[in-house]
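# With the input below, show me the fold.
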Amino acid sequence: MSNASAALAASAGADILAHTPVEPLAPTTVVAWRGRAVISTLAAFGGTDEAVANLRAHRAAGATVLAGTDMGNLRDDGPSSREVALLAKAGLDDAAIVAAMTTTPAAYWNLPFRTIAAGADASVLVLDRDPRSDAKALLAPREVWLHGVRVK
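Got it, this is the predicted structure:
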């Protein structure tokens, strides 16, 4: 995506920029996305240094980062190790990477997947370590439960 396309989307009132632009962005374009969301999809579009710099700039300017895979363009069926590494390169720490992949999108779209409570949807990952201090833990879940059914 070009600077012109990202600027046009912002001026048209788009709420979400999907995907992180891969061409250089003007500072005014970056600032135009403050308070809106940017879906990363860094790995799906080559993980260029420019895209990583753009995501870093968007985040610093106050955009919400939502991790994305662009399912269909990648062979991974969940978070990819490359996307995790690129998010870290863009300045997200482990806790921010986990949030960008889980609670932040759930909150953004008002999905009910933010809590473990009686009567709540039972979709959870069982991990061997806390991903907030090692986001790579998300790449190898011990168990995956979807709507109360163990799928892995």
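
# So which elements touch the top helix by length along the chain?
Criterion DSSP state H: the longest helix present in the chain is helix 49-61. Where contact means 3 or more Cβ pairs under 8 Å, 6 or more residues apart in numbering; DSSP states H and E, helix 49-61 is packed against helix 27-32, strand 37-39, strand 64-66, helix 81-89. For every residue, glycine as well, the C-beta is placed using N, CA and C.

# Hmm, Pro21 is touching Met1, no?
Yes: assessed by Cβ atoms under 8 Å, Pro21 is found in contact with Met1 at 4.1 Å.

# So between the two, which is more surrounded?
Pro21 (25 against 17; other Cβ atoms under 10 Å).

# in the longest helix of the chain, what counts as buried?
Buried residues in helix 49-61, counted by 16 or more other Cβ atoms under 10 Å: Ala51, Val52, Ala53, Asn54, Leu55, Arg56, Ala57, His58, Arg59, Ala61.

# Over to stretch 2-14?
So, applying 16+ other Cβ under 10 Å, buried residues of stretch 2-14: Asn3, Ala6, Ala7, Ala9, Ala10.

# Give me the residues contacting that stretch.
Contacting residues not belonging to stretch 2-14 are listed as Leu17, Pro21, Glu23, Pro24, Leu25, Ala26, Thr28, Thr29, Ala32, Trp33, Arg36 [Cβ atoms under 8 Å, 6 or more residues apart in numbering].

# Now with 6 Å, please.
By Cβ atoms under 6 Å, 6 or more residues apart in numbering, the residues outside stretch 2-14 that reach it are Pro21, Glu23, Leu25, Ala26, Thr29, Ala32, Trp33.

# Selecting buried members of the residues you listed in ChimeraX, what would you type?
Remark: buried members of the contacts of stretch 2-14, expressed as a ChimeraX selection using 16+ other Cβ under 10 Å:
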select :21,25,29,32,33
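
# Can you get me a residue count around Ala67?
Neighbours of Ala67 using other Cβ under 10 Å come to 27.

# so Thr41 touches Asp70, yeah?
Yes: the pair Thr41 and Asp70 passes the contact test of Cβ atoms under 6 Å, sitting 4.4 Å apart.

# List the contacts of Leu42.
Per Cβ under 6 Å, 6+ apart, neighbours of Leu42: Thr20, Ala51, Glu83, Leu86.

# Can you give the strand pairings for the helix or strand bottoming out on mean pLDDT in the chain, parallel or anti for each?
Ranking every helix and strand in the chain by mean pLDDT, DSSP states H and E puts strand 124-126 at the bottom, with a mean of 86. Paired with strand 124-126 in the same sheet, following DSSP bridges, are strand 143-146 (antiparallel).
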